[in-house]
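**Student:** sharing a model that was predicted from the sequence below.
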Amino acid sequence: DAGVIQSPRHEVTEMGQEVTLRCKPISGHNSLFWYRQTMMRGLELLIYFNNNVPIDDSGMPEDRFSAKMPNASFSTLKIQPSEPRDSAVYFCASSWEGTGSYNEQFFGPGTRLTVL
Amino acid sequence: AQRVTQPEKLLSVFKGAPVELKCNYSYSGSPELFWYVQYSRQRLQLLLRHISRESIKGFTADLNKGETSFHLKKPFAQEEDSAMYYCALSGPGRRALTFGSGTRLQVQP
C-alpha cells in the first residue's frame, strides 16, 4: 500500500488563481482529515470527513476554501481565489474510526503551496 | 477550548544524554494524548499514545492529569532520534487532532 497519496507535491501559483489539492486515502479507511501547517499557526485542522460526510469544518478559514469527498477514495481541497497568506503545507490524513478509542491517523507527504 | 503547548522549539543534546520533550495540554474532560514524529524527508507518523502505555524506540510518555502534562522521555538519545516531535490530543467528541507547535530534537555525536 502506498499510503495516503497527495497531489501535487508542490504548487506555485499567482494570487487570484484557483488551486485544487487532491488526496487519496488508504483503502478501507472511513475518515479523512485536511490539516494546514504554517510557521505562525503550526499544524491545524481544516476539515474532517467521516464516511464521506463533513463532520467538522470549523477550521476552514473562510468562504474561499471548500472541500469535497465525492467517494471513499478521493477528496479535494479548493482555494478560490488564492492569496499569499494561503501559502503553507497542506496535509491529508486518513484513519479507520469506529466506536471506542482513537485509531491512528496516517498522513500523506503534504502539498507545499506557494501563492505569489 | 483545547490547547497543546510545547514550550521548546529546539532541544539539542549529545548522543547518550537523557531527553525530555515537554508537553502540556488543556482540555475539558478526558483527552487522548499522542506523540507524532517527523523524520527528515519522511511523513508525519505516530510514535506513541498514552492509552497503550508502551515504549517505542526507547521513548516513553506518562500522562499526568494533575499537571496536565504528557512529557516524552528517553534515557539515552541516539543520533537517529533527531526529528521534529509533535504532541497532540484528541477527545471522544472530536476525532481530529489538536497539535502543539512541535519541538525539533537535535542529537549531536
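**Tutor:** That came in fine, so what should we check first?

**Student:** who does residue B:34 form a beta bridge with?
**Tutor:** With DSSP bridges as the criterion, residue B:34 is bridged to residue B:49, residue B:88.

**Student:** tell me how many other residues crowd it.
**Tutor:** Each residue near residue B:34 was counted by other Cβ atoms under 10 Å in any protein chain shown, and the total is 26. (Glycine included, C-beta is placed from N, CA and C.)

**Student:** may I have the beta-bridge partners of residue A:78?
**Tutor:** residue A:20, residue A:66.

**Student:** pretty sure it is in contact with residue A:67, am I right?
**Tutor:** Yes. Taking Cβ atoms under 8 Å as the definition, residue A:78 is a contact partner of residue A:67 at 7.3 Å.

**Student:** tell me where chain B has strands.
**Tutor:** Shown for chain B, the strands assigned by DSSP state E span residues B:3-5, B:10-14, B:19-21, B:24-26, B:32-38, B:45-49, B:60-61, B:72-74, B:83-91, B:94-99, B:103-108.

**Student:** worst mean pLDDT among these?
**Tutor:** Mean pLDDT is lowest for strand B:94-99 out of the strands of chain B, coming in at a mean of 86.

**Student:** list of residues touching that one?
**Tutor:** With Cβ atoms under 8 Å, 6 or more residues apart in numbering or on different chains as the test, strand B:94-99 has contacts from A:31, A:33, A:35, A:42-45, A:48, A:50, A:55-56, A:95, A:97, A:102, A:105, B:2-4, B:34, B:36, B:86-90.

**Student:** could you list which residues are in contact with residue A:50?
**Tutor:** Here residue A:50 is in contact with A:30-31, A:97, B:95 (Cβ under 8 Å, 6+ apart).

**Student:** about what we covered before: any chance of JSON lines for the strands of chain B, columns distance to residue A:109?
**Tutor:** JSON lines is the format used below for those (distance: least, Cβ to Cβ, whole Å):
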{"stretch": "strand B:3-5", "distance to residue A:109": "23"}
{"stretch": "strand B:10-14", "distance to residue A:109": "24"}
{"stretch": "strand B:19-21", "distance to residue A:109": "24"}
{"stretch": "strand B:24-26", "distance to residue A:109": "28"}
{"stretch": "strand B:32-38", "distance to residue A:109": "11"}
{"stretch": "strand B:45-49", "distance to residue A:109": "12"}
{"stretch": "strand B:60-61", "distance to residue A:109": "26"}
{"stretch": "strand B:72-74", "distance to residue A:109": "24"}
{"stretch": "strand B:83-91", "distance to residue A:109": "14"}
{"stretch": "strand B:94-99", "distance to residue A:109": "17"}
{"stretch": "strand B:103-108", "distance to residue A:109": "19"}
